[in-house]
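show me the folded form of this:
(chains A, B, C and D)
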Number of protein chains: 4
Amino acid sequence: MFEPRDPDFEARVRASFAAQSAMKSLHIQLLSLQPGRVTMQLEKSGDLLQQQGFMHGGVLTAGLDSACGFAALTLSAPSVEVLSIEFKTSFFRPVTTDKVQVIGRVIKAGKRVSFCEAEAFSLEDDDQTLLAKMSSSVAMVGMPEGWMPENRS
Amino acid sequence: MFEPRDPDFEARVRASFAAQSAMKSLHIQLLSLQPGRVTMQLEKSGDLLQQQGFMHGGVLTAGLDSACGFAALTLSAPSVEVLSIEFKTSFFRPVTTDKVQVIGRVIKAGKRVSFCEAEAFSLEDDDQTLLAKMSSSVAMVGMPEGWMPENRS
Amino acid sequence: MFEPRDPDFEARVRASFAAQSAMKSLHIQLLSLQPGRVTMQLEKSGDLLQQQGFMHGGVLTAGLDSACGFAALTLSAPSVEVLSIEFKTSFFRPVTTDKVQVIGRVIKAGKRVSFCEAEAFSLEDDDQTLLAKMSSSVAMVGMPEGWMPENRS
Amino acid sequence: MFEPRDPDFEARVRASFAAQSAMKSLHIQLLSLQPGRVTMQLEKSGDLLQQQGFMHGGVLTAGLDSACGFAALTLSAPSVEVLSIEFKTSFFRPVTTDKVQVIGRVIKAGKRVSFCEAEAFSLEDDDQTLLAKMSSSVAMVGMPEGWMPENRS
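Numbering: from 1, shown residues only, chains lettered A, B, ... in the order given. All right, here's what the predicted structure looks like:
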């Protein structure tokens, strides 16, 4: 559906993911990448729970936000970074499963602003239930010359 | 401004905070509590950064969400839990300081839904700059009899 | 996909639509109804424009909000009314066409809160372009006995 | 608090308001303007009601959206137009009064994106009750040379 401006988008997005120490600490994995679409996975961790023993909403939101940002990044030029302008997260059900799949998609790609959505699904048996959904707008910010993704960490 | 329904709201909210393992892992502290208002603090941690070396937006959002939820909880009856229906976070500036103060407030208290806001400020020298703001709606959910906050962890 | 609680949902929703004087003034029509889904149409009107001569965003939002509310109402019990708790609207493109189709859908039906989405598409030639999207949460409010939809106008 | 880039901002914003035919049809007036802040007034009209006989939420939202956009416009350069990226509206209480005051404010002014808020208050006797609140992000879009606000209608 989307044509990437950067043929090497996958390596670039994976470098950006690797440069985020929060991803490992929050038990968020990057599974697969396509132009305008990413799939990630969250794993419940005993040190990241809310008061009822479920995965904390902040962790779920971090996964949804990352999926939106990385989806936008798959479509950007190599020298462009993404910054969330804002996002809204709606919570449909508590996360009672140990694993959550998060799928982020670009809804409207823009040069200055891209609009994205991400959905979180429980992964259990054959069942796939929608747990939460994010709607976000992402600023596409040109970086100064000489800037390299590797320099970011 | 607000009259709490539960005179022991502070102990109850602090118990709920203590029951959330995510708060410690995300370096979020609960500083002070008043009816309809809480003050929290976030500390930058090397294992919770985004790709530019700033505090991850998901961590900031977890702090804002907690501040909203605990603010709503200060005004609830003892047997009522709070669950975020949805929240929107707007990001004004990257978090370049080591400490962030988060203030959560109830805007409209309701029996079924409360509306809250939370603001994140950088803490550096004498400067207090608004970094991000959340607007949220929180469901007030009656818990079954015999339920005790201590049982939640 | 959804099973309506009220077999006469269509008559009830159409009565609620007819009781809203704003629908006619804003040139919003109700086209079709299914359980959890409604299709509406907006027509550009010379007295409802913004400063660039496009359909005003408030009118578009009224159409999206109505589509969400009526979609939720298709699934409610006869004595239940719907009230928007909040909605977020994202604007992807200006409305340059004369007609706009709006499709509202329930994403998660609940007894107290339902989550809905609505999308606005331009209608021109064979082209169907996504112009704007709403994400909303809707309170399902039980009405007192004896209340009748017909009494509302 | 804010320093306007355009000393003639008031005339420019009033011209933009006058160029929006929707404002008159929706019974929305522009009362006063300051840098980063506007005050507007909505009047209940029999042809703009929802099914319970209250002011339609879409009309209220149009007022809130306009207040946000005009507040952003007070701070822009003369050749810059504003376009809503997205907004979220939270509804605290139904509008049971005949007049509503809407105050829009810029929270964070930016060259590319400004963040705004608007609040709607009932106006009755001495009472001022918060009815609804919007949080929005607004794109600041440079217009081609030769463009004049007067050409927009």
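
where does chain A dip in pLDDT?
For chain A, the stretches flagged by pLDDT under 70 are A:145-153.

mind doing that once more with 90?
Along chain A, the model assigns pLDDT under 90 to residues A:1, A:50-54, A:96, A:123-128, A:142-153.

how about the residues of it near chain D?
Proximity of chain A to chain D, by CB under 8 Å from any CB of the partner chain, involves residues A:85-86, A:88, A:112-113, A:137, A:139. The C-beta positions use only the backbone N, C-alpha and C, and glycine is treated the same way.

which ones, among those residues, also lie beside chain C?
Answer for the residues of chain A next to chain D near chain C (CB under 8 Å from any CB): A:88, A:137.

max pairwise distance over the residues of chain A next to chain D: which two?
A:Lys88 and A:Arg112 (20.0 Å; CB to CB).

who's more crowded, those two?
Neighbours were counted for A:Lys88 and for A:Arg112 using other CB atoms under 10 Å in any protein chain shown; A:Lys88 has more, 24 against 13.

show me what the helix or strand hosting the more buried one is packed up against.
Applying DSSP states H and E as the criterion places A:Lys88 in strand A:80-91. In terms of contacts (3 or more CB pairs under 8 Å, 6 or more residues apart in numbering or on different chains; DSSP states H and E), strand A:80-91 is packed against helix A:57-74, strand A:127-142, strand B:80-91, strand C:127-142, strand D:80-91.

now do the third one: distance to the chain's middle.
It refers to strand B:80-91. Distance of strand B:80-91 from the chain centroid (CA atoms, centre = their mean, to the nearest Å) equals 9 Å.

strand partners (parallel or antiparallel) of it?
Taking DSSP bridges as the criterion, strand B:80-91 forms sheet pairs with strand A:80-91 (antiparallel), strand B:127-142 (antiparallel).

so which residues on chain A come close to chain B?
A:16-17, A:19-22, A:24-26, A:46-53, A:56-59, A:61-63, A:65-66, A:81, A:83-91, A:94, A:149, A:152-153.

among these, the buried ones, what's the PyMOL command?
Buried members of the residues of chain A next to chain B, identified by 16 or more other CB atoms under 10 Å in any protein chain shown, are gathered into one PyMOL selection as follows:
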select buried, chain A and resi 16+17+19+20+21+22+25+26+48+49+50+51+52+56+57+58+59+61+62+63+65+66+81+83+84+85+86+87+88+89+90+91+94+149+152
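
and the gap between the residue nearest to the spatial centre of chain A and A:Asp98?
Residue closest to the mean C-alpha point of chain A, counted by CA atoms, centre = their mean, is A:Ala67 at 1.4 Å. Distance, A:Ala67 to A:Asp98, using CB to CB, to the nearest Å: 19 Å.

do the same with A:Asp127
13 Å.

looking at these two, which has the bigger crowd around it?
The residue with more neighbours, out of A:Asp127 and A:Asp98, is A:Asp98; 13 against 9, by other CB under 10 Å.

residue contacts, the more buried one?
A:Asp98 is in contact with A:43-44, counting by CB atoms under 8 Å, 6 or more residues apart in numbering or on different chains.

mind doing that once more with 6 Å?
A:Lys44 (CB atoms under 6 Å, 6 or more residues apart in numbering or on different chains).

now swap in A:Leu73 and tell me
A:Leu73 touches A:13, A:82, counting by CB under 6 Å, 6+ apart.

ok, 7 Å please
A:13, A:16, A:82 (CB atoms under 7 Å, 6 or more residues apart in numbering or on different chains).

same question, A:Met1
Here A:Met1 is in contact with A:Gly36 (criterion: CB under 7 Å, 6+ apart).

repeat that with 10 Å
A:34-37, A:105-106, A:109 (CB atoms under 10 Å, 6 or more residues apart in numbering or on different chains).

gap between A:Ala62 and A:Val95?
13 Å.

surely A:Gln101 touches A:Leu30?
No. Using CB atoms under 10 Å, A:Gln101 is not in contact with A:Leu30, being 12.0 Å away.

find residues that contact each of the two.
Contacts common to A:Gln101 and A:Leu30, judged by CB under 10 Å, 6+ apart, are A:39-41, A:67.

of the residues you listed, which belong to helices?
A:Ala67 (DSSP state H).

relative to chain B, which of the shared contacts of A:Gln101 and A:Leu30 is nearest.
The shortest approach to chain B among those belongs to A:Ala67, at 11.0 Å (CB to the nearest CB).

helix, strand or coil for the closest residue to the closest one other than its chain neighbours?
Nearest non-adjacent residue to A:Ala67, counting by CB to CB, 6 or more residues apart in numbering or on different chains: A:Gly104, 2.8 Å away. For A:Gly104, the assignment made with DSSP: H, G, I helix; E, B strand; the rest coil gives strand.
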